[in-house]
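Asker: Turn this into a model:
(chains A, B and C)
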Amino acid sequence: MRLPFCIGCMELIRSDKLVFEYVRRDKNGEVDGFVRAIDEVSLEINQGDFIAVLGPNGSGKSTLAKHLNSILRPTEGTLYIDGMDSADSDKIWDIRSTVGMVFQNPENQMIGTIVEEDVAFAPENLGIEPREIEERVKESLITVEMLGHRKASPSKLSGGQKQRVAIAGVLAMHPKCIVLDEPTAMLDPVGRKEVIRAIRALNDVENITIILITHNMEEVIYADRIYVMNKGRMVMSGTPREVFSKPEELEENHLAVPVVTRLAHELRKAGMNIPEGILTRKELCEAICRS
Amino acid sequence: MIRDITLGQYYPTESVLHRLDPRVKLWGTLLYVMSLFLFQSFAGYIVASVFLVSLIIMSHVPVKFMLRGLKAVFVILAVTAVLNVFMTPGRVLVSFWKIKITIEGLRTAAFMVIRLVFLITGSSIMTLTTTPSDLTDGLEKGLGWLKIFRVPVHEIAMMMSIALTFIPVLLEETDRIMKAQQARGADFESGNIIRRAKALVPILVPLFVSAFRRANDLAIAMESRCYRGGEGRTKLNPLKYAMRDYAAHGVLLAYLAAIIAVAVIF
Amino acid sequence: MQIIVNHIDHIYNPGTVFEKKALSDVTFKAEDGEYIGLVGHTGSGKSTLALHLNGLMKPTSGGIYYDGVDIASEGYDLRSLRGKVGLVFQYPEHQLFEEDVFTDVCFGPKNLGLEPEETEQRAYESLKAVGIDDDRFYVSPFDLSGGEKRRAAIAGVLAMKPEVLVLDEPCAGLDPQGREEILSIADSLHEMLGITVIIISHSMDDLAEHVERMLVMHEGKLVMDGPAREVFMHREELESMGLAVPEAQAVLSDLKKMGLPVRDDLITIDEARREILRVFGRQA
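Answerer: Okay, the predicted model is just below:
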């Protein structure tokens, strides 16, 4: 039997011409047509990668996220998660504990009435022994620096803290990959920083694959690779430097580059000797001083 | 007003009652409520009072906090009292125009009010000393035998626990939507009942929409964290009887014996 | 319409253990047609202040005056005040409720007791002002896209023809294009209609590109008030409050620290670009 990809490579996710269509109905409930939310998307993600998926509202990025954890199944094409076919309904629980999801609204994903119960929810569902659950809850809360709040009620936490608890709740499943669907969209700048710092630490220290879906450009400069989606298609991909070197192309896809990158780009256009794809303020200042 | 209702609220502090197994507290409350309706005599009320007062002391919940809960049901208490005072036939004590106050009426009214106060305070002791999640755990495990009769005990407990988590969220949301519609000139305070009911539409529609959206989000979040019903689920802190729970059962038995004794003797 | 906020305090749950001072001695004055950014860390009291501006909350002490009249005075018509001071809440699309967009926008003017003709006229103008096309007027508000919903909700407030418009985090959750659409609507309301616009936001970059004056709240107090340019000069102070300065200005002030002779009181990307090019002797 030929496996869809080789064993031993660190490949975690591979999709080939993934398509997702849903039926659109008119006011009377009659079928009005099909909507292609994802249009022939091919992806390859390795264990330990930090991937960012960018795209305007309605570009299909959240729909793609829901496929990665088998909440939605492909209409056409294939999607393999850690060697498991996402269309195989026997594998659904294995896939869901391999790829964890964190969603946008922190209030709508809290299940427990206190923090540690919420974190314990997934391992409880997996039927893990109480002592082991306790262990996992503790280590997950330590990882996101929330152990001090283990007995707190989620409603008393700030947005950034709630989102970190949500991340801990996923970590307690010991996943290989975490997909975060606009985790900072509802947070203030302090909360954003907390969450991004926690995500980066997971990737650096625990080598967990991160797939960050966002339209906040400042958050993606640390990613290993960026995919840009628009109208269900994968329209750009590359390292942050490569993608941000094309501000005009990003704008065509209703996105914008970070302020620093834009300033660098315009200075370069005006004739200054500044390299393409500058990402941080420090880089820009140094480039200006050198020129 | 909503903040005044202590029934159903949890008061975080440290006490023996807080540490008791929720199942014991559930059975205890049930027993206590039943005992209130068994008593007909003065002696019975003394037994119930002693029991209640010692529970209040043991709970470490400030009495003031508990009594605040009664403020919310004051109207019910007053109506009960008035109805009983005027409606009970018997030996007339005072009479004017068509209204008669009887000795029996006063007696029944006093007993009814005491009964209600005891009932509310007694059951609020349970909720004040038990976190909502313990309470649902207790229900799930304590009523687990109902599964034989196809009662979806786990699902009911899960629903209760989610409802409890979302009550504060939805209350806050209601407040926000109300203010937003007021900012668009909506008026919830004037006009007759029909007008006021109509004025609620701009609050209720967005509230329902939001509740459904939240429900949908939560369902996806639960599924993605491998939730598939109660089958095969374990617990972070499984309920287990400790010595104090057996001791509490002993106390409850003693109380039961006392009730029966009082009922037989008086 | 002139606004005077005179030494207002607001205390939540006074006299209980939950007592919390949300506003403390806040004083400022805004003249007709100003364009103001209101910033502060979460919990700094900026949203509470917004609720005071149209009388949805009353100060515990101090007073608010519109054109010299105290809004707490006997017989002041609060309902007409809500017409004059429009308040757009965070995620305003969550308050849409009618069967179609147009009827929803009519809700505000109808509440003001206007004639149906005038109401519809205003609804039409407002929807046009936020860039909603005619063919979207009679669809359910729940079928609009995220950005359209937000704009329709803003139209619902605009239809009351406010003289002051307060927008609480109007761009939250929108993609870059959606953000730009909302901010350009705010710009045109300020420029074309001369409305006083107050934007509450966390994004200093957005504010730097749009507003003229900045109010900074911290722990219930109004700690800075002045032209945006001057307020952003206090970088260390702002950062100690958990706030930032616009990225363009941060670049300039970093360059200055590195020894380049640049001005650091410029805040927009375009200004920064010109300034850097000036120093390097190139024409912009």
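
Asker: From here on, just use CA atoms for contacts and neighbour counts.
Answerer: OK.

Asker: Name the nearest residue to residue 122, sequence neighbours excluded.
Answerer: With no chain named, the answer covers chain A. B:Arg225 (5.0 Å; Cα to Cα, 6 or more residues apart in numbering or on different chains).

Asker: if you could check chain C rather than the one you did, that'd help
Answerer: C:Arg122 sits nearest to C:Ala159 (Cα to Cα, 6+ apart), 5.2 Å away.

Asker: Would you check how far apart that neighbour and chain A are?
Answerer: Distance, C:Ala159 to chain A, using Cα to the nearest Cα, to the nearest Å: 27 Å.

Asker: In contact with that residue, which residues?
Answerer: C:105-106, C:108-109, C:119, C:122-123, C:125-126 (Cα atoms under 8 Å, 6 or more residues apart in numbering or on different chains).

Asker: now do A:Met173
Answerer: Here A:Met173 is in contact with A:97-98, A:100, A:122-123 (Cα under 8 Å, 6+ apart).

Asker: Can you classify it as helix, strand or coil?
Answerer: With DSSP: H, G, I helix; E, B strand; the rest coil as the basis, A:Met173 sits in coil.

Asker: Next, it: phi, psi?
Answerer: With angles defined as degrees, to the nearest 10, A:Met173 sits at phi -80, psi 0.

Asker: now A:Asp181
Answerer: phi -100, psi 100.

Asker: Need the pLDDT of B:Val61.
Answerer: What the model reports for B:Val61 is a pLDDT of 86.

Asker: that older thread, who wins for neighbours among the contacts of A:Met173?
Answerer: Among those, the one with the most neighbours (other Cα atoms under 10 Å in any protein chain shown) is A:Pro123, at 30 neighbours.

Asker: Name the residues of stretch A:246-254 that are buried.
Answerer: A:246-247, A:250, A:253-254 (16 or more other Cα atoms under 10 Å in any protein chain shown).

Asker: Identify, from these, the entry nearest to B:Val24.
Answerer: Nearest to B:Val24 among the buried residues of stretch A:246-254, counting by Cα to Cα, is A:His254 at 60.4 Å.

Asker: re the thing from before, nearest to B:Phe39 among the buried residues of stretch A:246-254?
Answerer: Distances from B:Phe39 to the buried residues of stretch A:246-254, taken by Cα to Cα, are shortest for A:His254, at 74.7 Å.

Asker: which residues touch the closest one?
Answerer: A:His254 neighbours (Cα under 8 Å, 6+ apart): A:55-56, C:175-177.

Asker: Which helix or strand contains it?
Answerer: Using DSSP states H and E, A:His254 sits within no helix or strand.

Asker: Around chain A, pick out the residues from the stretch 151-284 of chain C.
Answerer: Within the stretch 151-284 of chain C, the positions near chain A by Cα under 8 Å from any Cα of the partner chain are C:172-177, C:202, C:205, C:242, C:247-248, C:251, C:254-255, C:260, C:269, C:272-273, C:277, C:282, C:284.

Asker: What segments of chain A are strands?
Answerer: Counting by DSSP state E, chain A has strands at residues A:11-25, A:31-46, A:50-54, A:76-81, A:84-85, A:99-102, A:177-181, A:209-214, A:225-230, A:233-238.

Asker: Find the one among those strands with the highest mean neighbour count.
Answerer: The highest average neighbour count among those, using mean count of other Cα atoms under 10 Å in any protein chain shown, belongs to strand A:99-102 at a mean of 28.

Asker: For the stretch 51-200 of chain B, which segments count as helices?
Answerer: B:63-72, B:74-87, B:103-129, B:132-142, B:153-183, B:193-199 (DSSP state H, counting those that start in this stretch).

Asker: where does the chain have low pLDDT?
Answerer: I'll assume chain A. Applying pLDDT under 70 to chain A flags the ranges A:1-9.

Asker: The chain in question should be chain C.
Answerer: Using pLDDT under 70, chain C drops low at C:16-17, C:282-284.

Asker: For chain B, give me its nearest residue in it.
Answerer: C:Gly108 (4.7 Å; Cα to the nearest Cα).

Asker: Dump the contacts of A:His254 to CSV, plus neighbour count.
Answerer: Formatted as CSV, these follow (neighbours: other Cα atoms under 10 Å in any protein chain shown):
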residue, neighbour count
A:Gly55, 29
A:Pro56, 22
C:Asp175, 23
C:Pro176, 20
C:Gln177, 16
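
Asker: Return the closest of those with respect to A:Gln163.
Answerer: C:Asp175 (20.3 Å).

Asker: List the contacts of the residue lying closest to that closest one once chain neighbours are set aside.
Answerer: Closest residue to C:Asp175 apart from its sequence neighbours, by Cα to Cα, 6+ apart: A:Pro56 at 5.4 Å. Contact analysis of A:Pro56 by Cα under 8 Å, 6+ apart lists A:215, A:229-230, A:253-255, C:175-177.

Asker: OK, contacts around C:Val164?
Answerer: Here C:Val164 is in contact with C:1, C:84-86, C:195-198 (Cα under 8 Å, 6+ apart).

Asker: so of these, which ones are in strands?
Answerer: Reading strands off the contacts of C:Val164 with DSSP E, I get C:85-86, C:196-198.

Asker: Give me the buried entries from the residues you listed.
Answerer: C:85-86, C:196-198.

Asker: So which of these is the closest to A:Ala287?
Answerer: Closest to A:Ala287, out of all of those and judged by Cα to Cα, is C:Ile198, at 37.3 Å.

Asker: what about B:Gly28, how many neighbours?
Answerer: 22.

Asker: how far away is the closest residue to it other than its chain neighbours from B:Arg176?
Answerer: Leaving aside its chain neighbours, B:Gly28 sits nearest to B:Leu252 (6.5 Å; criterion: Cα to Cα, 6+ apart). Plainly put, B:Leu252 is 46 Å away from B:Arg176 if you go by Cα to Cα, to the nearest Å.

Asker: Does A:Ile133 touch A:Phe121 like I think?
Answerer: No. If you go by Cα atoms under 8 Å, A:Ile133 and A:Phe121 don't touch, sitting 9.3 Å apart.

Asker: Tell me which residues touch A:Val257, please.
Answerer: Applying Cα under 8 Å, 6+ apart, the residues near A:Val257 are A:217, A:244, A:247, A:250.

Asker: Nearest spatial neighbour of residue 185, chain-adjacent residues omitted?
Answerer: Assuming you mean chain A. Nearest to A:Ala185 is C:Gly173, by Cα to Cα, 6+ apart, at 5.1 Å.

Asker: Please refer instead to chain B.
Answerer: C:Asn111 (5.3 Å).

Asker: before we move on, back to that, may I see the contacts of A:His254 organised as CSV, with distance to A:Ile45 added?
Answerer: Putting the contacts of A:His254 into CSV (distance: Cα to Cα, whole Å) gives the following:
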residue, distance to A:Ile45
A:Gly55, 18
A:Pro56, 22
C:Asp175, 25
C:Pro176, 27
C:Gln177, 29
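
Asker: Please narrow the residues you listed to those residing in helices.
Answerer: C:176-177 (DSSP state H).

Asker: Quickly check the contacts of A:His254 for the two that are furthest apart.
Answerer: Maximum distance among the contacts of A:His254 (Cα to Cα): 10.8 Å, for A:Gly55 and C:Gln177.
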